[in-house]
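Visitor: Task: produce atomic coordinates for the following.
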Amino acid sequence: MKKFVLGVVFTLVVIAAGGLLYISLGMFPVGADNPPGRIEHALAEMAMDAHVDRHQPKQENPTEITPANLILGAQNYETHCALCHGGAAARVSPMRTKFSPPVPQIVNRIPHDEDAHIFWVTKHGIRMTGMPAWEGTLTDEQIWRVVAFIKHSDKLPPEVQTAWQQTAYQPQNH
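Guide: Prediction:
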């Protein structure tokens, strides 16, 4: 039994050392234009979801769904989010594949995540994805309004749709 346990420990040490060697020799692809492997993607997704679920606010979105609040949310969304996540001018951003993992196009495909989940991700960002933390740039109230806008962007009242189109981010062609 002792030899078996030592064999298992030795095998685990060799696997860990092999992984460290692989990384330290520069063989692990880190370019944003190189998609993550299935295992890396699954582990990162699991870690992100578990952490956000544990730390997200335990409340409903306090934003009242009114045209005024949706317009304010749309304006902040276009200013801070549309370039990467898609917006009124282009529901699918040309930047979507320039990050690893690719950027979710959240007005083209509205996330099913709870509002509190989206709020936490927006406020704190997700490291090593390019998603910045907006805390200190946007207030909690502004973030909640952006979340309300995102979740309702497929069924906006006409006046909100018009206001959103008027503030649309226009990518510059050089």
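Visitor: Only C-alpha atoms from now on, for both contacts and neighbour counts.
Guide: Will do.
Visitor: ok, longest helix in this structure?
Guide: helix 2-24 (DSSP state H).
Visitor: Would you tell me what the next helix or strand after that helix is?
Guide: Toward the C-terminus, helix 2-24 is succeeded by helix 38-55 as the next helix or strand (DSSP states H and E).
Visitor: How far away from the center of its chain is the helix or strand just after that next one?
Guide: Tracing the chain C-terminally past helix 38-55 and defining elements by DSSP H and E, one meets helix 67-80 next. With CA atoms, centre = their mean, to the nearest Å as the basis, helix 67-80 stands 18 Å off its chain's centre.
Visitor: Only the buried residues of helix 67-80, if you could.
Guide: 67, 69, 70, 71, 72, 73, 74, 75, 76, 77, 78, 80 (16 or more other CA atoms under 10 Å).
Visitor: And the contacts of the next helix or strand after that helix?
Guide: On the C-terminal side of helix 67-80, the nearest following helix or strand under DSSP H and E is helix 82-85. If you take CA atoms under 8 Å, 6 or more residues apart in numbering as the criterion, helix 82-85 is touched by 88, 91-96, 103-107, 169, 171.
Visitor: Ranking by neighbours, what's the top pick from the residues you listed?
Guide: In terms of neighbours by other CA atoms under 10 Å, those top out with residue 88 at 23 neighbours.
Visitor: Pretty sure that residue sits against residue 160.
Guide: No: assessed by CA atoms under 8 Å, residue 88 is found out of contact with residue 160, at 11.4 Å.
Visitor: hmm, back to that, pLDDT and distance to residue 112 added to the buried residues of helix 67-80, as CSV?
Guide: Output for the buried residues of helix 67-80, formatted as CSV (pLDDT from 0 to 100; distance: CA to CA, whole Å):
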residue, pLDDT, distance to residue 112
67, 98, 22
69, 98, 21
70, 98, 19
71, 97, 22
72, 97, 22
73, 98, 18
74, 97, 19
75, 96, 22
76, 97, 21
77, 97, 18
78, 96, 21
80, 96, 21
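Visitor: Out of those, which comes closest to residue 57?
Guide: Set against residue 57, the nearest of these by CA to CA is residue 73 (19.1 Å).
Visitor: got the contact list for that closest one?
Guide: By CA under 8 Å, 6+ apart, residue 73 lies in contact with 142, 143, 145, 146, 147, 148, 149.
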